[in-house]
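In: I'd like to go over a predicted model; first the sequence, then the structure.
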Amino acid sequence: MPGLMEDDSSWEGHSFERMRVPSFNFQVVSEAINGGNELLFSLDIVVPDDILEKIFTFLPIASMIRLTAVCKRWHGIINSSRFLWTHMLPQRPWYFMFTCNETASGYAYDPILHKWYDLELQRIDKSSCFVSSSCGLVCFMDNDTRNSISVCNPITKDWKRLLEPPGAKFPDYSTIAIMVDRVSHNYTVTLATSKQVAEDYAQWDFSIYKYDSWSSSWVTAAKEVFIGWRGGDDSVICGGVLYCLIQSTGVLGNVEPRHRVIMHDLAAGPSEASFIQSSIAVPCFLTCGRLLNSREKLVLVGGIAKHNRPDIIKGIGIWELDKKRWQEVARMPQKFFQGFGEFDDVFSSSGTDDLVYIQSYGATALLAFDMKHKQWKWSAKCPVSRKFPLQLFSGFCFEPRLDITT
């Protein structure tokens with residue numbers, strides 16, 4: 001790959017080791033530094049359970065997963081103690097990278113230990129699907145019918161297929177989002193659909209449906225007919241509010257910027273106000289815009305397109321919404337932008353907490369941006385291989401948790 005990726009300084013080195021654990025059988029396939037031999041020993045006789053719990057709270061989750069295989073006592077403490085998870089040090093989100101084919105297997109990157117783990121998402125029919133994540137759970141929707149929605153914990157393999165959502169079959173555009181309550185562990189899934197009205201090509205039926213895990217049922221949260229605008233394929237829930245990207249259809253003339261963000265308060269219920277009237281324009285002419293939840297603040301990541309060539313990206317920016325105004329957080333430095341090689345209008349971005357991941361669909365290079373420290377950094381080299389010249393790669397981030405169930 002041209003640019004920085006040919007320089008050894010752009011990729012961190014990698015080595016190999018194996019890890020086999022009953023609760024999560026994965027293999028370390030790549031890491032940033034050479035690991036040495038590890039020595040595990042039993043502390044059963046001298047250390048009581050409450051002290052072990054406090055010790056475990058200082059460990060990254062990958063180390064805790066290993067400890068579940070040491071003995072039954074440690075396995076029981078890690079998998080049953082609520083104290084452990086409420087007092088743990090913050091776990092940085094992992095990034096799952098996969099190839100765009102018929103399987104849902106790939107590699108998960110741990111930014112704390114700088115390692116890639118071989119990971120397969122069980123019961124997921126295809127890798128071509130819509131994805132959203134929150135607090136250890138990942139929500140999937142298939143790309144074909146767009147009415148098969150599943151929720152799973154990628155670490156424990158716990159999985160549930162939700163009831164089929166209401167509304168019209170085969171919408172033109174759909175997007176899902178999930179929000180997990182960190183106290184009760186109940187979760188909410190939203191599905192926003194957009195379908196062109198058959199009698200009037202300028203109108204689009206936009207609908208929002210909401211699923212609650214405690215009731216195991218769907219309700220229709222909102223409906224509106226858009227004129228000159230349609231729903232998109234990206235949304236996120238922040239602070240109990242659903243944010244969705246919408247796009248101009250062009251029937252009302254040239255609208256710049258051609259994307260806006262609409263909002264719906266999930267707790268307040270239906271509103272008399274129009275989504276379009278209360279929407280917020282994106283900060284500039286963007287391509288591949290993605291909405292992220294960064295500690296309950298709305299973050300927008302997008303490619304800054306050229307006005308005369310919207311299919312060409314001249315840079316990538318990150319913005320944060322502050323009282324309906326976008327504040328620029330960072331713009332990718334040119335040396336990192338060039339490191340991806342030739343960019344077109346497609347790239348993937350995903351993030352949560354203070355970490356944002358950016359990946360080109362045409363390569364396995366993965367770049368992370370730390371929102372708190374304002375730092376850019378390449379990941380360890382991903383071991384996924386290209387099997388044919390035009391193969392595409394995608395990914396998403398999720399918070400690794402052992403205590404969250406579906």
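Out: Arrived safely, thanks for sending.
In: On the three-state scheme, Asp234 is what?
Out: Three-state assignment for Asp234 (DSSP: H, G, I helix; E, B strand; the rest coil): strand.
In: so what pLDDT did it get?
Out: You'll see Asp234 listed with a pLDDT of 92.
In: residues in contact with it?
Out: Going by C-beta atoms under 8 Å, 6 or more residues apart in numbering, Asp234 touches Thr175, Cys244, Leu245, Gly289, Arg290, Leu291. Where you see a C-beta, it was placed from the backbone N, CA and C, and this is true even at glycine.
In: can you tell me which of the residues you listed are in strands?
Out: Mapping the contacts of Asp234 onto strands (DSSP state E) picks out Thr175, Cys244, Leu245, Gly289, Arg290, Leu291.
In: Count residues in the vicinity of the nearest residue to the third one once chain neighbours are set aside, would you?
Out: Take Leu245 and drop its neighbours on the chain: the residue closest to it by C-beta to C-beta, 6 or more residues apart in numbering is Gly232, 4.2 Å away. Number of residues near Gly232 (other C-beta atoms under 10 Å) recorded here: 21.
In: so Gly232 makes contact with Cys244?
Out: Yes - between Gly232 and Cys244 there is a contact at 6.8 Å, judged by C-beta atoms under 8 Å.
In: Mind listing the shared neighbours of those two?
Out: Thr175.
In: ok, now which ones touch the residue nearest to Leu245?
Out: Contacts for Gly232 were tallied using C-beta under 8 Å, 6+ apart; they are Tyr173, Thr175, Ser194, Cys244, Leu245, Ile246, Gln247, His259.
In: just these now: which is nearest Asp118?
Out: Taking C-beta to C-beta as the measure, Asp118 sits nearest to Thr175 out of those, at 29.4 Å.
In: isn't that closest one right up against Tyr243?
Out: No - in this structure, Thr175 is not within contact of Tyr243 by C-beta under 8 Å, at 10.3 Å.
In: Overlap in contacts, the two.
Out: Here Thr175 and Tyr243 share the contacting residues Ser235, scored by C-beta under 8 Å, 6+ apart.
In: helix or strand for Gly250, which one?
Out: Per DSSP states H and E, Gly250 falls between elements, in no helix or strand.
In: The closest residue to Glu296 other than its chain neighbours: how many residues sit nearby?
Out: Nearest residue to Glu296, sequence neighbours excluded (C-beta to C-beta, 6+ apart): Gly239, at 4.6 Å. Residues lying near Gly239 (other C-beta under 10 Å) number 13.
In: Quick check, pLDDT for Gly239.
Out: 91.
In: What distance do you get for it to Asn293?
Out: The gap separating Gly239 from Asn293 is 9 Å, by C-beta to C-beta, to the nearest Å.
In: Likewise for Leu366?
Out: Taken as C-beta to C-beta, the span from Leu366 to Asn293 is 20 Å.
In: Let me see the ranges of the helices in this protein.
Out: Applying DSSP state H to the chain gives helices spanning 49-56, 61-67, 72-80, 82-86, 334-339.
In: which one of those lies closest to Phe275?
Out: Distance to Phe275, taken as C-beta to C-beta, is lowest for helix 334-339 among these, at 33.8 Å.
In: Which neighbouring elements make contact with that closest one?
Out: Contact here means 3 or more C-beta pairs under 8 Å, 6 or more residues apart in numbering; DSSP states H and E; on that basis helix 334-339 packs against strand 313-322, strand 375-378.
In: could the ones you listed go into TSV alongside mean neighbour count, mean pLDDT and distance to Ile304?
Out: Converted to TSV, the helices and strands packed on helix 334-339 look like this (neighbours: other C-beta atoms under 10 Å; pLDDT from 0 to 100; distance: least, C-beta to C-beta, whole Å):
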stretch	mean neighbour count	mean pLDDT	distance to Ile304
strand 313-322	18	89	4
strand 375-378	15	93	16
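In: Distance to Ile51 added to those, as a markdown table?
Out: Converted to a markdown table, these look like this (distance: least, C-beta to C-beta, whole Å):
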| stretch | distance to Ile51 |
| --- | --- |
| strand 313-322 | 41 |
| strand 375-378 | 35 |
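In: Of all the contacts of Asp234, the one with the weakest confidence?
Out: Gly289 (87).
In: Report the separation between that residue and Cys397.
Out: Computed with C-beta to C-beta, the distance linking Gly289 and Cys397 is 17 Å.
In: Alright, calling it a day.
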